[in-house]
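Engineer: From the sequence below, what's the structure:
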Amino acid sequence: MAASLVPVTGAASATPSTRNCTEYTVPVSLAEGQPADYFIRGDLCLPASGTPETVQVLVHGGTYNRTYWDFPYQPQLYSYAQFANRAGYATFNLDQIGTGRSSRPHSSLINFSVLAHGIHDVITALRAGGVGGTAFEKVIYVGHSLGTATGWELAGTYSNDADAIISTGAINGLSATGAGSFVAFPANQDPKFASLNLDDGHLTNIADRPVFYWPATSDATVIQVDTDNRDTFPAPLLLELGTAFSSPLATAPTQSITVPVLSVIGDKDALFCADANDCSDKAALELKEGSFHSNAPSFELAVIPQTGHDLNTHYTAPYSFITMINWAKQHAAP
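Structural biologist: As a prediction, this is how the structure comes out:
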């Protein structure tokens, strides 16, 4: 594995005084026993000094890529990756299969099992020292929305991959009103993706991105930068997402998690609050969501006030970041 990892040249993304970043291409397969004919690309970022023992693996949501965790506009406010690096953590911020600079197989080949297996290959390489030469002892999985659901699948299949999980932008119970307001269309109809020759099952969206935001704490420029950096996601995941987020208590995928969990949700999240959960009652919501994590050794819920679905791109982002880092240091220090 280590010998087949290829650093992508010209990949520095931050000044040496703050952190050191290199983009890597990690060969992955779509399932156990299959050849590693595909790849995931991501940025391994290290603090300016010191050698961390823990890496946070950052996994974006649908219609996004790795820019969600390392936002290019006003990163001192909106980049969780930089925040984590300043706190002493290494981060591996990746593009999921089918997005960004990672492989884009035919959409019919992609499901949550495939996404989870690809990240399993990445984590295996990170623990073995195959990415950048450092063998990380601990891994914190950090997901957002669809990336959180990918983490649930990962935990159920590869229980030893993550030492702790931070789930953001996703809890059990999907809002019919919020989800119904999200409209996607084939990405090959979007000029941004025309050159990729994608099949009709790769979807994207443009006009409905405000469903991810709470206007009172959002910057119109941020929403525009977000829209400009939009990406694709495979249609087969739509049905799986509905099942993952709306499963009965006994069969919910979160019941497979056996490591500490922090869940972070905005109290104005249109996709999971509204008619699905009362996100204004933190105590009741934590009790309910905790019951869906009955096999985790510990579960904590953080509700971020006046914040919509995309926690990283609201004015309240530093509050989310501080909450996540403080919890992470209690469960897997840098």
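Engineer: Now for A207, how many residues are close by?
Structural biologist: 9 (other Cβ atoms under 10 Å). For every residue, glycine as well, the C-beta is placed using N, CA and C.
Engineer: Sorry, wrong one. I was asking about N197.
Structural biologist: 8.
Engineer: For it, list the residues it contacts.
Structural biologist: N188 (Cβ atoms under 8 Å, 6 or more residues apart in numbering).
Engineer: ok, now H202?
Structural biologist: Counting by Cβ under 8 Å, 6+ apart, H202 touches G98, R104, S107, P186, A187, N188, F193, T232, F233, P234, A235.
Engineer: From those residues, which land in strands?
Structural biologist: Using DSSP state E, the members of these that fall within strands are P186, F233, P234.
Engineer: ok so, going back, emit the PyMOL select command for whichever of the contacts of H202 are buried.
Structural biologist: Typed into PyMOL, the line below selects the buried ones among the contacts of H202, using 16 or more other Cβ atoms under 10 Å:
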select buried, resi 98+104+107+186+187+188+193+232+233+234+235
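Engineer: sorry, back to before: just name the closest of the ones in strands among the contacts of H202 to N277, please.
Structural biologist: F233 (23.3 Å; Cβ to Cβ).
Engineer: can you pull out the helices in this structure?
Structural biologist: Under the criterion DSSP state H, the chain contains helices at 75-78, 80-86, 112-128, 146-157, 176-180, 220-228, 236-245, 282-291, 317-331.
Engineer: any residues touching the fourth one, and which ones?
Structural biologist: Looking back up the chat, that one is helix 146-157. 59-62, 96, 112-113, 115-117, 119-120, 141, 143, 161-162, 165, 167-170, 233, 237, 240-241, 244-245, 253-254, 256-259.
Engineer: what about R86, neighbour count?
Structural biologist: 16.
Engineer: Start at 37, not 1
Structural biologist: Right, with 37 as the first residue, what we last looked at is R122.
Engineer: Could you check how far it is from D314?
Structural biologist: 35 Å (Cβ to Cβ, to the nearest Å).
Engineer: The residue nearest to P341 when sequence neighbours are not counted and E89, how far apart?
Structural biologist: Nearest residue to P341, sequence neighbours excluded (Cβ to Cβ, 6 or more residues apart in numbering): D303, at 5.5 Å. From D303 across to E89, the span is 34 Å (Cβ to Cβ).
Engineer: rewinding a little: emit the PyMOL select command for whichever of the contacts of helix 182-193 are buried.
Structural biologist: Here is the PyMOL command that selects the buried residues among these (16+ other Cβ under 10 Å):
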select buried, resi 95+96+97+98+132+148+149+151+152+153+155+156+177+179+197+198+201+203+204+205+206+269+273+276+277+280+281+289+290+292+293+295
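Engineer: Low-confidence regions, the protein specifically.
Structural biologist: 37-53 (pLDDT under 70).
Engineer: The residue nearest to S292 when sequence neighbours are not counted: neighbour count?
Structural biologist: With Cβ to Cβ, 6+ apart as the criterion, S292 has its nearest non-adjacent residue at 3.4 Å, and that residue is G192. Counted with other Cβ under 10 Å, residues neighbouring G192 total 17.
Engineer: With G69 instead?
Structural biologist: 5.
Engineer: What of N196?
Structural biologist: That count, for N196 with other Cβ under 10 Å as the rule, works out to 12.
Engineer: what about it, distance to L190?
Structural biologist: 11 Å.
Engineer: which residues sit in contact with the residue lying closest to E68 once chain neighbours are set aside?
Structural biologist: Spatial nearest neighbour of E68, chain neighbours left out: H153 (6.9 Å); criterion: Cβ to Cβ, 6+ apart. If you count contacts by Cβ under 8 Å, 6+ apart, H153 has them with V64, S65, L66, A67, E68, T193.
Engineer: can you check Q342 too?
Structural biologist: Q342 touches W250, A252, T253, G302, D303, K304, H350, T352, counting by Cβ under 8 Å, 6+ apart.
Engineer: Repeat the analysis, applying 7 Å as the threshold.
Structural biologist: If a contact means Cβ atoms under 7 Å, 6 or more residues apart in numbering, then Q342 has W250, A252, T253, K304, T352 as its contacts.
Engineer: Against G302, how distant is the second one?
Structural biologist: In this structure, A252 lies at 12 Å from G302, with Cβ to Cβ as the measure.
Engineer: So which of these two has more stuff around it?
Structural biologist: Neighbour totals were compared for A252 and G302, and G302 leads with 29 against 11 (other Cβ under 10 Å).
Engineer: which residues does that one contact?
Structural biologist: W250, I340, T343, G344, H345, L347.
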